[in-house]
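# Predicted model, plus sequence, below.
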Amino acid sequence: MAKSTFVLRKILLIFSLLSILMCPLLYIAGEFFTNSLSFLEPVVCPSGMQLGRTTESISNPQGNATASYMVCTDGNEEVNVTGKMLVILFGVAILGLVLLVTWALTGPSKKPDVPKFKME
C-alpha cells in the first residue's frame, strides 16, 4: 500500500511540473513558432482552418503600436482565437498548480506513528 502511494505521488509530481513547465513553452511557441502548435488546431480552429499569427499596426496620439493575434485562417477568412489560446495557456498553469497542491497535501504526515507511553 505504501509503495503504491509513493508511486502515485511521484506521478502526480511529474504531471504537475510538466504542466507548469509547459506554459512558457506554449507562450514561446505561440509567439515565434506558430506552426509547432498545429496539434491544437482541432481544439481552437473551425474545421478546415489552420492556426496562424497576424499583426496589426495601430497609430494614436501617444505613438505607434503593433498588436499581434493568434488567428485561424483558410486563406480567405480569419477568425481571432487569441482568447481560446489564453484559456488553454492559463488552464494548463492552473491544472499544474492544482496537481502540485494535491501532491503537497497527500504527503506523509509529520506525526510519528509510534504511540506515546505515559510514565506513572
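Sure, I can see it. All values reported here derive from a predicted model rather than from experimental measurement.
# Point me to the residue sitting closest to the centre of the protein.
V92 (2.4 Å; CA atoms, centre = their mean).
# That residue contacts L21, correct?
No: assessed by CB atoms under 8 Å, V92 is found out of contact with L21, at 9.8 Å. For the C-beta atoms, the positions are set from N, CA and C on the backbone; glycine is no exception.
# can you tell me the helix or strand for S47?
Using DSSP states H and E, no element contains S47; it sits outside every helix and strand.
# Dihedrals phi and psi, it?
Main-chain torsions, S47, degrees, to the nearest 10: phi -60, psi 140.
# how deep is it tucked in, by neighbour count?
Look at S47: counted by other CB atoms under 10 Å, it has 8 neighbours.
# Could you pull out the buried residues of the longest helix seen in the chain?
Ordering each helix of the chain by length in residues (DSSP state H) puts helix 2-32 first. Across helix 2-32, burial judged by 16 or more other CB atoms under 10 Å covers 9, 12, 15-16, 19-20, 22-23, 26, 30.
# So which elements touch it?
Helices and strands touching helix 2-32, by 3 or more CB pairs under 8 Å, 6 or more residues apart in numbering; DSSP states H and E, are helix 82-105.
# quick one, the helix it packs on and helix 2-32 angle?
160 degrees (axes from the mean of the first three to the mean of the last three CA atoms, to 10 degrees).
# which residues touch helix 82-105?
The contact list for helix 82-105, computed with CB atoms under 8 Å, 6 or more residues apart in numbering, reads 9, 12-13, 15-20, 22-23, 26-27, 30, 40, 43-44, 69-71.
# what pairs with I58 across the strands?
Legend: beta-bridge partners of I58 under DSSP bridges are A65.
# How confident is the prediction for it, by pLDDT?
Confidence at I58, expressed as pLDDT, is 84.
# swap in the one 10 residues further on?
As predicted, S68 sits at a pLDDT of 86.
# Check the secondary structure at it for me.
Following DSSP: H, G, I helix; E, B strand; the rest coil, we place S68 in the strand state.
# one step back: what's the closest of the buried residues of helix 2-32 to T55?
T55 lies nearest to G30 out of those, by CB to CB, at 13.2 Å.
# I appreciate the help and will end here.
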